[in-house]
Every structure is written in C-alpha cells, then in structure tokens.
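>>> Kindly generate the corresponding structure for this input.
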Amino acid sequence: MNDVTTTASNSNDRTMAILAHIGGLFTSWVAPLIIYLIKKNEADGAFSTDQAKEALNFQLTIFLAYMVSGLLMVVLIGILLIWIVGLVNLVLCIVAAVKASNGETYRYPFAIRLIK
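Alright, predicted model coming up:
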C-alpha cells in the first residue's frame, strides 16, 4: 500500500487533480492519463500527479469491470452489473473530486494498482 500523504501546494495543482477524477467520468482512462503525463515531471505537481495516477488506476479497473459486465450480458446478469459499475464510478469519482478540491489525498477503495 502506498503511504502518500500529499497535500496540494497550490490551486492549479488541486484543479488538475479534480479534472483527473471528473475527467474519468467522461473519457474513461484518457483524461487521467493525459494529466498524469503532463504533470509527472513538474516539480510543483506532486499532488495532481498522485491523484491522476490514482484516477487512472481506478478508471482502468472500471474499464475492466465494464468488459466483464459486457461478457456477462450473455447470461443476463451483466445488464444489472453494468448499471452497478456505472453508479459506483459516478459516486466514487465525485467523492474523489470533492476530496481533491479540499487538497486531501484520496484512495479509491478497490482500484487495481497497475500504475505505481
């Protein structure tokens, strides 16, 4: 487990972290990836880099969950699962964005940590 206790150093850093979390709702893993790649080499972007990485890991996990739900539509359980995955994505992204706006580090409860 990563014990990062990063706090936002400025409002631009917080804004990019918020965009990484909310962007995942609309673009899946693309927005968090772009923000991560832009901010990872900036000295004052530690908070937004950490949060973009967290959002990217979560969105990749959600993407995999959507794929599994799509496969399970053959046996009809996938129809219910796809709605549940969408609702979980919405709620957790909003919670993460609110935490990021307060400058607090947020860890999604069940994200597969592919990007370390």
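>>> which residue sits closest to Glu42, ignoring its sequence neighbours?
Spatial nearest neighbour of Glu42, excluding adjacent residues (CB to CB, 6 or more residues apart in numbering): Thr49 at 7.6 Å. (Each C-beta comes from the backbone N, C-alpha and C, glycine too.)
>>> What residues sit buried inside stretch 63-74?
In terms of neighbour count (16 or more other CB atoms under 10 Å), stretch 63-74 has its buried residues at Ala65, Tyr66, Ser69.
>>> can you pull out the helices in the chain?
Assigned by DSSP state H, the chain shows helices spanning 11-27, 30-39, 46-72, 77-101.
>>> Between those, which one is closest to Ile115.
Smallest distance to Ile115 across the helices of the chain (CB to CB): 5.2 Å, for helix 46-72.
>>> picking that back up, could the helices of the chain go into JSON lines alongside mean pLDDT?
Shown next, in JSON lines, are these (pLDDT from 0 to 100):
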{"stretch": "helix 11-27", "mean pLDDT": "94"}
{"stretch": "helix 30-39", "mean pLDDT": "94"}
{"stretch": "helix 46-72", "mean pLDDT": "95"}
{"stretch": "helix 77-101", "mean pLDDT": "96"}
